[in-house]
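Colleague: Coordinates for the following, if possible.
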Amino acid sequence: MTVTESALLVVDDNEDNRYTLTRRLNREGYKKLTMARNGREALDRLNAQPFDLVLLDIMMPDMNGYEVLEQVKATPALRDIPIIMISSLDEIESIIRCIELGAEDYLSKPFNPTLLRARVGASLEKKRLRDEVRRNMLRLAQELQAARALQLAMLPRQFPFCSPSHPIAVHAVMEPAREVGGDLYDCFYAGEHTFCFLVGDVCGKGASAAMFMARARSLVRITVSLWREWRTGDVDPGALLEAVNRELCQDNDECMFITMFLGLIDTSSGLISFVNAGHPRPHLVSSTGETKQIDSKPALPLGVRREAQFQTRTLQILPGDALFVCSDGVFEAMNGKGDLFSIERMVQLLRQAYAAEPQEMVRIIKDAVDAFMGNASRTDDLTALALRWRPAETTAERSIV
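Modeller: Below is the predicted model of the structure:
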């Protein structure tokens with residue numbers, strides 16, 4: 001914004017003062033000058049067209065400069081316009097009051113041309129910088145919103161219906177603490193009767209965490225696909241994550257890592273093969289309401305050490321049993337008092353919702369977390385996945401190995 005492009009509004013009830021001030025500003029190169037004879041006329045002009053700076057006299061009849069200043073700063077569309085207060089009063093109390101009400105600067109009459117030039121120029125430069133910051137913030141917000149939409153588009157939004165050919169009911173949700181986050185979930189078939197599900201949590205927030213998350217998710221899917229193409233036998237979760245971990249450790253200059261719980265359930269038998277890479281342990285919710293945390297012996301997170309090993313364990317569940325997997329953003333959610341939602345509160349809700357379908361179970365937990373937090377800002381991503389096995393017939397017995 002150049003001097004000639006700047007729109008200035010001069011407000012003074014004295015015609016001689018208006019003429020003197022506009023003449024001096026014109027000599028400094030300011031051409032877009034508008035005058036107002038009183039406070040109400042000034043407000044009308046401000047509401048009618050945009051201005052870059054207002055020079056406002058304090059001592060005016062009917063509506064003085066203080067009142068105009070208060071109304072401008074109380075109006076969202078006008079509050080960012082810088083205002084230089086002008087008065088023959090040179091008392092410190094008057095200056096303090098103007099600054100407290102939001103004035104950008106203060107000028108005393110009679111005008112010192114050098115001081116006038118400096119303060120008008122400085123006020124316009126600060127406005128230019130604020131406008132530039134605002135534009136950059138708006139552009140960044142738009143880019144982050146687009147990145148969030150892209151990130152969410154990578155996650156499953158539609159889940160298969162439970163049926164004889166698909167005896168698994170599953171639902172998941174992810175809400176980032178920022179526009180984009182580092183949590184993820186995924187679920188897909190890794191074989192004719194093998195259903196893969198996972199929940200992960202990248203250390204960190206923002207765009208870099210989201211990119212690392214996307215990389216981890218893609219690596220899991222690619223590795224499963226290659227396994228099915230080049231190997232015989234079922235996919236082994238431990239070997240799968242070892243391969244993914246090696247790739248994540250490659251060129252990981254920022255030392256990012258991700259915790260992950262990954263399971264593969266045999267939809268015909270209810271046997272879950274799983275591995276836990278530093279992730280919070282899931283909870284098994286039985287069809288009778290019994291709830292217990294799975295002893296999954298967490299290993300290192302992915303991306304920490306290239307040669308890390310991940311042990312596959314198995315869990316035999318019964319018809320109607322559900323598995324609830326979440327990130328720590330659920331039970332570590334904090335309210336305005338600094339209290340945590342806690343695992344105990346989460347488990348109590350799972351017991352109450354033991355018969356609910358996965359979608360309802362996830363909704364109950366999420367709604368409870370939101371209600372607990374109130375107006376507090378979310379400091380961590382929230383991700384939750386619930387899965388229930390509903391076969392037609394089975395002779396399985398619950399066990400964990």
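
Colleague: contacts for stretch 32-40?
Modeller: With contacts defined as CB atoms under 8 Å, 6 or more residues apart in numbering, stretch 32-40 is touched by 4-13, 15, 18, 22, 25-26, 42, 44-45, 49, 51, 60-65, 67-68. Placement of C-beta: from N, CA and C, glycine included.

Colleague: one more time with 6 Å, if that's ok
Modeller: 7-11, 13, 18, 22, 25, 42, 45, 60, 62-63, 68 (CB atoms under 6 Å, 6 or more residues apart in numbering).

Colleague: cool, stretch 47-56 as well?
Modeller: If you take CB under 6 Å, 6+ apart as the criterion, stretch 47-56 is touched by 6-11, 65, 81-86, 123-124, 127.

Colleague: 7 Å instead?
Modeller: Residues from elsewhere that reach stretch 47-56 (CB atoms under 7 Å, 6 or more residues apart in numbering): 1, 6-11, 21, 65, 68-69, 81-86, 120, 123-124, 127.

Colleague: Looking at the protein, which helix is longest?
Modeller: Identified as the longest helix of the chain according to DSSP state H is helix 113-154.

Colleague: which element follows that one toward the C-terminus?
Modeller: Next along the chain after helix 113-154, taking DSSP states H and E as the criterion, comes strand 168-175.

Colleague: In its sheet, which strands sit next to that next one, and in what direction?
Modeller: According to DSSP bridges, strand 168-175 forms sheet pairs with strand 382-389 (antiparallel).

Colleague: between the longest helix of the chain and strand 168-175, how many degrees?
Modeller: In terms of direction (axes from the mean of the first three to the mean of the last three CA atoms, to 10 degrees), helix 113-154 departs from strand 168-175 by 170 degrees.

Colleague: Just the buried residues of stretch 104-118, please?
Modeller: By 16 or more other CB atoms under 10 Å, the buried positions in stretch 104-118 come out as 104-109, 111, 116-117.

Colleague: what about dumping the CA coordinates of it to CSV?
Modeller: What follows is stretch 104-118, C-alpha atoms only, in CSV (Å, rounded to 0.1, in the frame of the first residue of the first chain):
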residue,chain,number,x,y,z
GLU,A,104,-2.9,3.8,17.7
ASP,A,105,-1.2,7.2,18.6
TYR,A,106,-1.8,10.7,19.8
LEU,A,107,-1.0,14.1,18.3
SER,A,108,-1.2,17.5,20.0
LYS,A,109,-2.2,20.8,18.4
PRO,A,110,-0.7,22.8,16.8
PHE,A,111,0.7,20.1,14.5
ASN,A,112,4.4,19.5,14.1
PRO,A,113,4.8,18.6,10.4
THR,A,114,7.7,16.3,11.1
LEU,A,115,5.9,14.5,13.9
LEU,A,116,2.7,14.3,11.8
ARG,A,117,4.5,12.7,8.9
ALA,A,118,6.3,10.2,11.2
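
Colleague: Residue 281 against residue 292, yeah?
Modeller: No: counting by CB atoms under 7 Å, residue 281 does not reach residue 292; the two are 9.9 Å apart.

Colleague: Right, I'll call it a day here.
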